[in-house]
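Q: take a look and give me a structure for this.
(one chain, ligands or ions: 2)
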Amino acid sequence: MTGAGPVWALGLMSGTSLDGVDAALLDTDGETIAGIGPTLFRPYGADERAVLRRALADARGLDDRRARPGALAEAERIVTDTHAEAVRDLVAAAAEAGIAPQVVGFHGQTVFHAPARRLTVQIGDAGRLAAACGLRVVHDFRAADVAAGGQGAPLVPIFHRALAARAGLSLPAAVLNVGGVANVTLIGADGRLAAFDTGPGNALIDDAVLAATGRPYDDGGAIAASGRVDGTALAALLAHPYFAAPPPKSLDRDAFDVGPVAALPFADKVATLTAFTAAAVAAGLRLAGAPAATVVVVGGGARNRKLLAMLAARTGATVVPAGDAGFDGDFVEAQAFAHLAVRRLRGLPATFPGTTGVPAPTVGGDVATPEGAHSPTPSTSP
Ligand SMILES: Nc1ncnc2c1ncn2[C@@H]1O[C@H](COP(=O)(O)OP(=O)(O)OP(=O)(O)O)[C@@H](O)[C@H]1O
Ligand SMILES: CC(=O)N[C@H]1[C@@H]2OC[C@@H](O2)[C@@H](O)[C@@H]1O[C@H](C)C(=O)O
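A: Numbering: from 1, shown residues only. Ligands and ions are numbered 1, 2, ... in the order given. From the prediction side, this is the model:
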């Protein structure tokens with residue numbers, strides 16, 4: 001696949017919320033979006049998620065990105081096999097629509113992210129996935145950026161811009177992803193990109209809800225809506241130096257200590273953590289000097305109505321849930337990895353000084369083939 005026209009690509013994302021595998025088909029030339037195809041979500045079972053949570057703990061302090069101590073080896077098998085299942089099922093569904101993907105973009109599961117140490121670790125065996133699905137698999141999207149001194153995240157901004165163009169969004173605009181961690185892309189009137197992780201997304205809320213109720217998240221934000229935000233605890237959470245640091249910047253899922261909310265009644269704890277996510281976004285937009293205009297919210301957090309209300313109140317922006325902007329908010333990241341896979345095959349950069357702080361635009365990803373060949377990221381950037 002080297003022609004200039006669009007091709008169908010299948011993108012895969014397993015995000016920091018550990019909810020499951022998102023899979024999506026996109027028709028793209030790596031620059032503009034020619035078509036959006038079927039999607040599929042393969043949730044992790046409770047047992048699988050428990051292994052992934054153990055793997056996150058066992059990955060703390062890793063210093064070799066190839067090492068798989070403790071639960072990491074089993075977690076990597078689970079990640080690979082669940083993604084293979086998602087690819088098989090989505091390829092079958094796509095065939096009925098006459099769509100045959102030519103390449104897979106496989107993010108894997110981030111288990112540790114420490115760009116200051118030039119280290120970011122995504123687990124998932126791309127060679128095994130390529131063999132299982134009979135397609136080329138582009139993977140390890142973050143490594144080249146981090147090796148070159150970038151944050152290795154966020155990677156989606158170049159895709160957010162393509163989506164904004166397709167949706168006819170008036171610029172400037174912001175796209176805010178609220179997954180486990182939250183990240184924002186600011187698209188200037190001239191199309192210039194700036195991006196960074198704003199702070200926590202749903203992960204802290206999910207952890208609190210899971211521990212107290214056994215449920216995976218605060219459905220619709222109902223628990224947060226029934227609680228009271230504790231101003232003292234919120235101020236303590238916001239005292240973390242991350243919020244005063246200028247962008248570019250990115251986060252590990254477990255960067256924050258929730259000690260300040262530990263003693264709060266459950267509903268107040270959830271309300272305060274939800275306000276923490278919203279206040280962190282507001283602080284980030286202020287720091288970036290971004291005008292409060294339109295913020296399109298994508299990712300699972302767009303379903304948390306209390307969070308959307310808090311975002312509007314704290315940013316002063318017009319907060320638009322994904323669907324209202326014509327985006328499929330649950331699959332933007334999976335679509336982004338389809339787009340980034342095609343960009344990799346065409347030698348187009350994935351990251352830029354404004355998005356990750358990398359010194360020069362950088363191509364991201366290695367290519368694994370079904371036959372077992374392996375081509376690492378080209379060393380030169382176009
Ligand atoms: N109905 C809902 N109400 C509230 N929150 C929800 C709802 N549905 C999903 N979520 C939240 O969205 C999360 C999943 O979001 P998403 O799939 O965007 O995250 P992710 O892709 O894993 O994360 P990241 O963007 O950090 O990689 C869930 O863990 C939950 O917190
Ligand atoms: C290291 C890592 O996996 N980061 C994720 C995480 O989840 C959201 C936010 O933090 C973002 O920076 C990134 O994911 C998206 C897909 C990105 O790179 O754009």
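Q: low pLDDT regions in the stretch 251-382 of the chain?
A: Along the stretch 251-382 of the chain, the model assigns pLDDT under 70 to residues 291-292, 373-382.
Q: which parts of it sit against ligand 1?
A: Gly299, Gly300, Gly301, Arg303, Asn304, Glu333 (CB under 6 Å from any ligand atom). All C-beta atoms are positioned from the backbone trio N, CA, C, and that covers glycine.
Q: what is the nearest of those residues to Pro265?
A: Asn304 (19.6 Å; CB to CB).
Q: the closest one: what's it in contact with?
A: Contact analysis of Asn304 by CB atoms under 8 Å, 6 or more residues apart in numbering lists Val178, Asn202, Ile205, Tyr217, Asp218, Gly220, Gly221, Ala224, Thr274.
Q: closest one to Arg66 out of these, please.
A: So of the contacts of Asn304, ranked by how close each gets to Arg66 (CB to CB), first place is Asn202, at 29.8 Å.
Q: for the closest one, give its distance to ligand 1.
A: To ligand 1, Asn202 is 3 Å away according to CB to the nearest ligand atom, to the nearest Å.
Q: just the element for Val104, please.
A: For Val104, the host element (DSSP states H and E) is strand 103-114.
Q: can I assume Phe225 sits in a strand?
A: You called it Phe, but residue 225 is Ala. No: Ala225 is assigned helix when assessed by DSSP: H, G, I helix; E, B strand; the rest coil, not a strand.
Q: just give me the neighbour total for it.
A: The local packing of Ala225 (other CB atoms under 10 Å) involves 18 other residues.
Q: what's the distance between it and Thr318?
A: 21 Å (CB to CB, to the nearest Å).
Q: try Leu311
A: 10 Å.
Q: now for Thr213, how many residues are close by?
A: Other residues close to Thr213 by other CB under 10 Å number 13.
Q: where does it land on pLDDT?
A: pLDDT recorded at Thr213 is 97.
Q: if I look at it, how far off is ligand 1?
A: With CB to the nearest ligand atom as the criterion, Thr213 and ligand 1 are 13 Å apart.
Q: kindly write the PyMOL command that selects the buried subset of the contacts of Asn304.
A: A single PyMOL command is used to select the members of the contacts of Asn304 judged buried by 16 or more other CB atoms under 10 Å:
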select buried, resi 178+202+205+217+218+221+224+274
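Q: quick one: which of the contacts of Asn304 sit in helices?
A: Using DSSP state H, Ile205, Ala224, Thr274 are the members of the contacts of Asn304 that sit in helices.
Q: quick check, the last one in contact with Arg305.
A: No: using CB atoms under 8 Å, Thr274 makes no contact with Arg305, being 10.5 Å away.
Q: between these two, what contacts are shared?
A: With CB under 8 Å, 6+ apart, Thr274 and Arg305 have common neighbours Gly221.
Q: thought Asn202 was touching Gly300?
A: Yes: contact criterion CB under 8 Å: Asn202 and Gly300 qualify, at 6.0 Å.
Q: returning to what we had before: and ligand 2, which of the residues of the stretch 251-382 of the chain next to ligand 1 contact it?
A: When contact is defined as CB under 6 Å from any ligand atom, those meet ligand 2 at Glu333.
Q: now render the residues of the stretch 251-382 of the chain next to ligand 1 as a markdown table, adding distance to Pro361 and secondary structure.
A: Shown next, in a markdown table, are those (distance: CB to CB, whole Å; DSSP: H, G, I helix; E, B strand; the rest coil):
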| residue | distance to Pro361 | secondary structure |
| --- | --- | --- |
| Gly299 | 25 | coil |
| Gly300 | 30 | helix |
| Gly301 | 29 | helix |
| Arg303 | 34 | helix |
| Asn304 | 35 | coil |
| Glu333 | 21 | helix |
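Q: identify the farthest-apart pair in the residues of the stretch 251-382 of the chain next to ligand 1.
A: By the measure CB to CB, Asn304 and Glu333 form the most distant pair in those, at 17.1 Å.
Q: this structure: strands as residue ranges?
A: Secondary structure of the chain (DSSP state E): strands at 7-14, 20-28, 33-43, 103-114, 119-123, 136-139, 173-178, 181-187, 193-200, 294-298, 318-321, 366-368, 374-375.
Q: what average pLDDT does the second one get?
A: Here strand 20-28 scores 98 as its mean pLDDT.
Q: same question for the first one.
A: Per-residue confidence for strand 7-14 averages out to 98 on the pLDDT scale.
Q: what helices or strands is it leaning on?
A: strand 20-28, helix 72-96, strand 103-114, helix 332-345 (3 or more CB pairs under 8 Å, 6 or more residues apart in numbering; DSSP states H and E).
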